[in-house]
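Peer 1: Kindly generate the corresponding structure for this input.
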Amino acid sequence: MPAFLRTLASRAAPALRQHTMIQRAHFATEPIASKPAKGKVGVVETIVGLGMLSLAILGPSGWILVNIENYKNKQ
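Peer 2: From the prediction side, this is the model:
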């Protein structure tokens, strides 16, 4: 039985390997964005966006640090 499986695998493996996809990176030859932006992002929009992102990341951890004594006292 092992000889049969070995023969089957040795004949099937080359056929299966031919159709595998090869992954290649095209960073230098093909840029990800080929067109300029549709509209420019203003300074105010940038500041508001970065502020909201910072608040979303740092807000919950700040809340926990401010109320850490309340969390310690609960049993």
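Peer 1: quick one: the one helix or strand Glu69 maps to to chain centroid distance?
Peer 2: In this assignment (DSSP states H and E), Glu69 forms part of helix 68-73. Between the centre of helix 68-73 and the centre of its host chain there is 35 Å, according to C-alpha atoms, centre = their mean, to the nearest Å.
Peer 1: residues making contact with it?
Peer 2: Ile64 (C-beta atoms under 8 Å, 6 or more residues apart in numbering). C-beta here means a position set from N, CA and C on the backbone, and glycine is covered the same way.
Peer 1: Alpha carbons of it, as PDB, please.
Peer 2: Provided in PDB are the C-alpha atoms of helix 68-73 (Å, rounded to 0.1, in the frame of the first residue of the first chain):
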ATOM      1  CA  ILE A  68      -8.400  53.000  38.700                       C
ATOM      2  CA  GLU A  69      -9.100  53.400  42.400                       C
ATOM      3  CA  ASN A  70     -12.800  52.800  41.800                       C
ATOM      4  CA  TYR A  71     -12.000  49.500  40.000                       C
ATOM      5  CA  LYS A  72      -9.700  48.400  42.800                       C
ATOM      6  CA  ASN A  73     -12.300  49.000  45.500                       C
END
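Peer 1: If we go by neighbour counts, what in the helix or strand containing Ala12 is buried?
Peer 2: Here Ala12 sits within helix 2-17, counting by DSSP H and E. Within helix 2-17, no residue counts as buried by 16 or more other C-beta atoms under 10 Å.
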